[in-house]
Structure formats: C-alpha cells, structure tokens
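Novice: Give me a 3D structure for the following:
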Amino acid sequence: MAALKELTDVRNIGIMAHIDAGKTTTTERILFYTGRSYKLGEVHDGTAVMDWMEQEQERGITITSAATTCYWKGKKINIIDTPGHVDFTIEVERSLRVLDGAIAVFCAVGGVEPQSETVWRQADKYHIPRIAFVNKMDRNGANFERCISMIAKRLGANPLPIQLPVGKEAEFEGIIDLIEEKMLVFDEQSLGQEILEREIPGSYKEKFTAARMMLLEKLADFDEGIMEKYLDDTSVSAPEIYSALRKATISLKIVPVLCGSAFKNKGVQPLLDSVVNFLPSPIDVKDIEGQGPKGEIISRRSDPSEKLAGLVFKLMSDTFVENLAFVRIYSGRISVGDKVYNPVKQKQEKISKLMKLHANKREEVSEITAGDIGAIVGLKFSTTGDTLCEKGDHIVLESMDFPEPVIGVAIEPRSKADEKKLAETLAKIALEDPSFTVSVDADSGQTIISGMGELHLEIIIDRLLNDFKVSANVGKPQVAYKETIEASYRAEAKFDQMTGAKGQYGHVVIDVMPLERGAGIVFENAVDKELIPEQFLGSIKKGIVDTLDSGPLIGYPVTDIKITLVGGSYHEDESSELAFGVAAAMAIRRATAEAGAKLLEPIMDLEISTPEEYIGDAIADINTKRGKIVGVTAEGNLQIVRAHVPLAELFGYSTSLRSATQGRANFTMQFLQYDVVPAARAEVIVKKIRGI
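Specialist: Below is the predicted model of the structure:
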C-alpha cells in the first residue's frame, strides 16, 4: 500500500498553449518557485531552461517537448513543456498521450487562438483533465472575462473562475482567491516569492460575492453536499469546495480558471497549488487498457506490483549517449538489467541504463515505477508508440496517430563523402519525429524530405547542417500533392507465366470508386473463397496498397478510393501469393489510369488578426491566392479573418501580409484537409512536374 500512497502524491502534467501565450515562461517560474532552478530563465534572452536547443533559443519558441520533475508541497510533479507552433503539433500529441492532466495557458489579450483550439481538441481526444491559466494580465488589452467566454464558446468547455484579477494591464496588482476568500499580492522585491495576504478591496466586494456565488452554484450541479448547503443558504467550507472541484475537474465536467502574469512573477504559486489540488494522480485516472495476443482487452492498474506496461512516446538522438527513449510506465516497474518484451516489434530489449530528465540534463536511476516518466538509453528495436511489457507477457497499448506531412524539399549531399552521413542522419531524425518523412522520387532519384510546414523543415535542415554537421544542398519547398479518381471503374488482370517447372497464376477483377475527402484507402473483399482462397487476400491487398503509393498522374500517392475485389480465379497447383500480388498491382494500375485521375492539394485553415483599416487589403490578398473567406469577426479593435487557402499559395505569405498591412497583422495557419486542384491549375502543375 505504501507504493500506492506514494502514487497519490504524483502529478504527470503538460503545459500547452498557442505560440506566445507564455507556456515556457510559466514553466520557468514553476521551476524557480519549486527550487528546481535557482535563477529565472527568460525566453526572450535565450536563457529558458526548457528551451535548451540552440534553434529554440535563437527563435524564442519551443520546438521539442522538454521533460522535468519538481516538487511542490510534498507532491512530485513531472512536467512536459510542449510547443505551441502548429508545425510541431506531433510533440503535443505524443506528450498528451502519456499525461494525466494539463495546464492550458491562454494569453489574456489574444484569448483562445487557433493553436489553442488544436491542442484543446487533442486533450479532449485523450480525455485529459485540465486547468486554465489566463496569463499576461499585465499586458495592454488584457481581458479576463473575454478570455473565459471564448473558452466556453470556442472550445465548448465549462470554465469556472476560482480567482479574480485585481486591476488589469499596467494596474494589475494581484488576485482574489474565491475559495479562501482573500486577496493575494506578490512581492516584487523577492521576485514574487513572498506572497502577502490582504483583505478584499471594498471596490471588489460586489464582484467577489457574485463570482463566489457562481462558483458554488456550478459546483452544486456536481456535488450533493454543496447543493444542500447552497439551497439552505449555509456557508460552504474551503475543504468542501476543493473536494468537489477536484472531482468535477477529474471527471472533465469543469475547467478551473486562474489568472496572473508569469513574466511579472504573479499568480504562479496558486497555479502550482491548483495542480496539486485539482489535477489527477496516476491512480485517479482510468486503468490503462491494451490488447492481448488474441485481440482481447486487458486492463492494468497503476500499481508497481502489477505486471509491466509502458509506452515509448518519443525517441531522441543524443550526441553523448545512444538513442534516448522517453517512456511512461503505466503499471509495474522497469529496472536496470531487466529484459523486456516489445510485442509490436516482437523483439526482446535489454535495459542497460535508465534516466530521469531535467530539460537536457540527466540523472541516472536504477528503476522507473508505475505512474512515472523517464528515459531508457539504447533501445535497439523500439520506436515511438511501441509498448514494453514483461518477457513472456503480451499487451499492446493504444498507439498514436501521426499527421501526414504536407510540404517537402529536395535535399542532396554536397559530396560523395557526405552521402552516407546524410542518409544515416535523416533516418535518425525520421525515427525521432514521426511527422517527418524521407522518400526518394522514383523519376528523378532525388531525396525528398517532408514535414508539417516551412518552419518544421527549416529547423530540421538547421539541425542537419549545424548539430549533425552534414554538408547538404537544399531545394525550394514543394507541396506534398496527392491523387484520387473521379469515376468508378472495373478492371481485370491476369498474371499467367511459366517460371521453371512451376507456373505462376493469379487472376483478379476489381471495382474502384471515389470516396469523400479524408476517407483514405478502403479495401473490401466481395469474392467467395471458392473463387479465390483466403490465403491470397493478404497479397492482393498488399499489391493494391503498395501500387497506390504512386498514382497515374504524376506519381503522388492515391487516396480517397474504395477498392472492391469482385471476381477472379485461381489454379490449385500454380497460384501463388506472388502471382496474385502482381495481378492485383496490374489491375489497380489500369483502374486508376482509366477512372479519371485528379490532383489533390493540402488546404490550410488560415486565421489573420488585423487592425480594421487593413481588412480590405488582407481579404484582397487572400482572394489573389485562391482563398475562400469563411468568416470575419470583430474582437476589440481587431478584425479576425478566417479563410481556407491552398498551401501552394502560402509560401512567403508572412512577407505579403506584412506589405499589405504595413506589418500590423498577424496570422496562424494549420492543415485542414486535401481538396481537388482546379483543372487549369492542375494541368500547369502536371506539365511542370513532368518537365513538358
């Protein structure tokens, strides 16, 4: 029981937000107040502990999620600081997959911004309880109430303020704690370490009473004890509120909202108190579930005495040690010297070294137990999303979905000597980052690296040239197009060949039909096993799927297509898996060529915030880029324009928007979907790529 008692004192949390909302600054303050670091690091100075990569320090943004551990009021908090830029959304996805709770940081001026929505949806997907921190209350234009209404409207959440700001913008003084019924002021001389308790100012009494009544009213919906006291008009104690709020937060019914200014050292300690008070420990969350050897569901409790179940959620190349594999242990324990089993790769791994991490600093440990996050050095076979369990056991935890790259550039070594080093380094980076892919163009023989956006590729190329010291030439960014079909078609193919003494025979008839955007590839078998035995179906499907990697138009992958196997025949002696695979490849090639191939391009969801006087110029600029305006809303003195624009038109967009608005507008974009390229435009692209 002692081990389980210790687990109640653990919090695995992430800090997530839109770029520039102040995630890393908030994390830096948390490390300072918990005694994990002894001086305040600043993002704008390039001294933030969690932004340790050179590329992060130069740009003042978070690129890779960094992990650390700190202690607050006897509780151990494992923190992952995630990136806010949409190009690094994979980092957020894999961090959220292994966390139990999260702090969502919002800028008091910008409120809910596009990437805040993206990370919020990711947290919804993994059912992660969160608390919201409205940061930058000292900035011009800060508006706590507007931020709360945006959280409710845009995110469909149930925000519940548990604090009120006293003053705003330059007048921001401190906060009123609605639960403890007092005002907190953070002493500037001691960098906010000394917190002074004051009476609630008279001018705030009315506002405080209304906010506290709303707090109790909302909690009464989730807690019968509070409901009774609320209806009887009896006072409710702080411990009762904490208990009800914790239950409602963990069951995802409520999001407690706090406020402050991390940069000005105001409000961070109450945020830490809320992490401890309201976010779940590993034993408060649902038991982890995985699949057994026969596909049956197995669940494991978060308990060191249970059998081992751990998930590798990130790989990182390191210049000092072999590959580091970040792992979350859900049940059991993993110790140095153990032999563990990877049921996904069906391989055994030896645990030679274990680490706890603090940004890029490491500390060797002898074991990592249930509920904890750490790193394993030198795993040979395991990659992101793989499960580790005990030797002789078999449980596969749910893996992660990785987004497909939308932009690519050609890259080549500067000399023959760099060829091997470039290939090895690209393979290493692709292993680390599943949203980055490396492929070779079949026609030109060029190596193409693809990622989630221009910044994503820029960072990878920067790391290649500077960190890994590989000399390479890089081409201009290219859009990752796809192909689809516009009509249904039936195709038949027979592979009948004599090879040596034994013949090869395979015969298939397939129907292809177009599907709606985003449907992917669907394969269906409608043939009786008398016509084609089941043993050949795997190779037929493989022959089809492999061939769809290169479409008939200009060799881009084919998607949004349904293939139905409707006929065929086999020969008892001469049919083989190879023959059926070849016949299927021939049939699908014929079908896609005859069914009217179409080109698809990635469409981005663009959000521009611009002063009112430039809205006409911003919209006119979008119209020249084949963009479609989907909404214009006013927020304060800014106009927010949302549009869907093809990625091909957005290279260098920051420059054209700056010129259209005299540098006063900002934009963010994220991938929306693939859509058909207009015929005239598609013809130009096809001719250009074919070199006609």
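
Novice: So what touches stretch 526-542?
Specialist: With Cβ atoms under 8 Å, 6 or more residues apart in numbering as the contact definition, stretch 526-542 has outside contacts at 506, 508, 523, 525, 564-570, 575, 577-578, 580-581, 583-584. All C-beta spots, glycine's among them, are computed from the backbone N, C-alpha and C.

Novice: Quick one: buried ones out of the residues you listed?
Specialist: By neighbour count, with 16 or more other Cβ atoms under 10 Å, these hold 506, 508, 523, 564-568, 570, 575, 577, 580-581, 583-584 as buried.

Novice: With respect to residue 451, which of those is nearest?
Specialist: Nearest to residue 451 among the buried ones among the contacts of stretch 526-542, counting by Cβ to Cβ, is residue 523 at 28.6 Å.

Novice: And the helix or strand hosting that closest one, what does it pack against?
Specialist: Using DSSP states H and E, residue 523 sits in strand 521-525. In terms of contacts (3 or more Cβ pairs under 8 Å, 6 or more residues apart in numbering; DSSP states H and E), strand 521-525 is packed against helix 537-547, strand 561-569.

Novice: And the contacts of it?
Specialist: Among residues not part of strand 521-525, those counted as contacts by Cβ under 8 Å, 6+ apart are 515, 537, 541, 544-545, 548, 558-559, 561-565.

Novice: Of those, which is the nearest to residue 597?
Specialist: Once Cβ to Cβ is applied, the member of those that ends up nearest residue 597 is residue 558, at 7.9 Å.

Novice: Make a ChimeraX selection of the buried ones in the contacts of strand 521-525.
Specialist: Listed next is the ChimeraX selection for buried residues among the contacts of strand 521-525, using 16+ other Cβ under 10 Å:
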select :537,541,544,545,548,558,559,561,562,563,564,565
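
Novice: now the contacts of strand 521-525 as TSV including pLDDT and distance to residue 249?
Specialist: As requested, the contacts of strand 521-525 are arranged in TSV below (pLDDT from 0 to 100; distance: Cβ to Cβ, whole Å):
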residue	pLDDT	distance to residue 249
515	94	40
537	93	49
541	94	45
544	95	48
545	94	44
548	94	46
558	95	46
559	94	40
561	95	44
562	96	43
563	96	47
564	96	48
565	96	50
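
Novice: Out of the contacts of strand 521-525, give me the two with the largest separation.
Specialist: Among the contacts of strand 521-525, 537 and 559 lie farthest apart (Cβ to Cβ), at 21.6 Å.

Novice: packing partners for the longest strand along the chain?
Specialist: In the chain, taking DSSP state E as the definition, the longest strand is strand 597-611. Using 3+ Cβ pairs under 8 Å, 6+ apart, the elements in contact with strand 597-611 are strand 482-485, helix 615-623, strand 638-646, strand 666-676, helix 679-690.

Novice: for the helix or strand following the first one, packing partners?
Specialist: Right, strand 482-485. Per DSSP H and E, strand 482-485 leads on to strand 489-499 as the next helix or strand towards the C-terminus. Here strand 489-499 touches strand 502-514, helix 577-594, going by 3+ Cβ pairs under 8 Å, 6+ apart.

Novice: what's the closest of these to residue 371?
Specialist: Of the helices and strands packed on strand 489-499, nearest to residue 371 by Cβ to Cβ is helix 577-594, at 46.0 Å.

Novice: For the closest one, list the C-alpha coordinates in CSV.
Specialist: Extracted in CSV, the C-alpha atoms of helix 577-594 (Å, rounded to 0.1, in the frame of the first residue of the first chain):
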residue,chain,number,x,y,z
GLU,A,577,0.8,-15.2,-53.3
LEU,A,578,3.4,-13.5,-55.6
ALA,A,579,1.2,-14.1,-58.7
PHE,A,580,-1.9,-12.6,-57.0
GLY,A,581,0.1,-9.6,-55.8
VAL,A,582,1.3,-8.9,-59.3
ALA,A,583,-2.2,-9.4,-60.8
ALA,A,584,-3.7,-7.0,-58.2
ALA,A,585,-1.0,-4.4,-59.0
MET,A,586,-1.7,-4.6,-62.7
ALA,A,587,-5.5,-4.3,-62.1
ILE,A,588,-5.2,-1.3,-59.8
ARG,A,589,-2.8,0.5,-62.2
ARG,A,590,-5.2,0.0,-65.1
ALA,A,591,-8.2,1.0,-63.0
THR,A,592,-6.7,4.3,-61.6
ALA,A,593,-5.5,5.3,-65.1
GLU,A,594,-8.9,4.8,-66.6
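
Novice: Let's check: the centremost residue of this structure is which one?
Specialist: residue 93 (2.5 Å; Cα atoms, centre = their mean).

Novice: give the contact list for it.
Specialist: Residue 93 sits next to 122, 400, 401, 402, 403 when contact means Cβ under 8 Å, 6+ apart.

Novice: Test my guess that the last one contacts residue 671.
Specialist: Right, the one you point to is residue 403. Yes. With contact defined as Cβ atoms under 8 Å, residue 403 reaches residue 671; the gap is 6.8 Å.

Novice: any common contacting residues for those two?
Specialist: residue 452.

Novice: These two: who's more crowded?
Specialist: Regarding residue 403 and residue 671, a neighbour count based on other Cβ atoms under 10 Å identifies residue 671 as having more, with 21 against 13.

Novice: The more buried one pairs with what?
Specialist: Residue 671 has these beta-bridge partners by DSSP bridges: residue 604.

Novice: Let me know the secondary structure of residue 430.
Specialist: helix (DSSP: H, G, I helix; E, B strand; the rest coil).

Novice: Show me the strands in the stretch 201-350 of the chain, by range?
Specialist: 255-259, 288-291, 297-300, 309-316, 324-331, 333-335, 339-342, 347-350 (DSSP state E, counting those that start in this stretch).

Novice: what pairs with residue 562 across the strands?
Specialist: With DSSP bridges as the rule, residue 562 is bridged to residue 513, residue 522.

Novice: Great, nothing more from me.
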